[in-house]
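A.B. asks: Sequence first, then the predicted structure, then my questions.
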Amino acid sequence: MKEYCLEFDDRALREWDALDGSVRKKFEKKLEKLIWYPHSSGNELHRDLSGFYKIKLRKDGYRLVYQVIDERIVIYVIAVGRRADNEIYELASKRKE
């Protein structure tokens, strides 16, 4: 199994940088596992975000939306933010183009 690289959309990187340190640490812990097993999380999204995945921080109310690009061995993060009113998924849907 190959280790996947992590890449961020520029806007998602700004969102990542704006996160509280404790929230970022929780995401980092999940991402460490993800780079080895990008398809195993069981958090595949549906409808207009089919082919994308999410990482949930349930207690904190945050989501990270990403796409696995197997041809490039990349996990591409397109959005990071609060789940409130599905706002993060609407944002990700706009960015997926």
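C.D. replies: Received, thanks.
A.B. asks: all contacts plus neighbour counts: C-alpha atoms, from now on.
C.D. replies: Fine.
A.B. asks: could I get the top helix by length along the chain in CSV with only the CA atoms?
C.D. replies: The residue-count maximum for a helix in the chain (DSSP state H) belongs to helix 21-34. Extracted as CSV, the C-alpha positions of helix 21-34 are listed here (Å, rounded to 0.1, in the frame of the first residue of the first chain):
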residue,chain,number,x,y,z
GLY,A,21,-5.4,24.4,17.2
SER,A,22,-7.3,21.7,19.0
VAL,A,23,-9.7,21.1,16.1
ARG,A,24,-6.7,21.0,13.7
LYS,A,25,-5.0,18.4,15.9
LYS,A,26,-8.1,16.1,15.8
PHE,A,27,-8.2,16.4,12.0
GLU,A,28,-4.5,15.7,11.8
LYS,A,29,-4.9,12.5,13.8
LYS,A,30,-7.5,11.2,11.4
LEU,A,31,-5.6,12.3,8.3
GLU,A,32,-2.5,10.4,9.5
LYS,A,33,-4.5,7.2,9.1
LEU,A,34,-6.2,8.3,5.9
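A.B. asks: Which residues does it contact?
C.D. replies: 16, 40-41, 55, 57, 60 (CA atoms under 8 Å, 6 or more residues apart in numbering).
A.B. asks: Buried among those residues? Need that as a selection in PyMOL.
C.D. replies: Per 16 or more other CA atoms under 10 Å, the buried members of the contacts of helix 21-34 correspond to this PyMOL selection:
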select buried, resi 16+55+57
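A.B. asks: Just the ones of the contacts of helix 21-34 in helices?
C.D. replies: Per DSSP H, the contacts of helix 21-34 map to helices at Trp16.
A.B. asks: hmm, back to that, buried residues in the longest helix of the chain?
C.D. replies: 27, 31, 34.
A.B. asks: ok, back up a step: now the contacts of helix 21-34 in JSON lines, with pLDDT and distance to Asp70?
C.D. replies: Output for the contacts of helix 21-34, formatted as JSON lines (pLDDT from 0 to 100; distance: CA to CA, whole Å):
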{"residue": "Trp16", "pLDDT": "98", "distance to Asp70": "23"}
{"residue": "Ser40", "pLDDT": "71", "distance to Asp70": "13"}
{"residue": "Ser41", "pLDDT": "63", "distance to Asp70": "15"}
{"residue": "Ile55", "pLDDT": "95", "distance to Asp70": "18"}
{"residue": "Leu57", "pLDDT": "94", "distance to Asp70": "25"}
{"residue": "Asp60", "pLDDT": "93", "distance to Asp70": "30"}
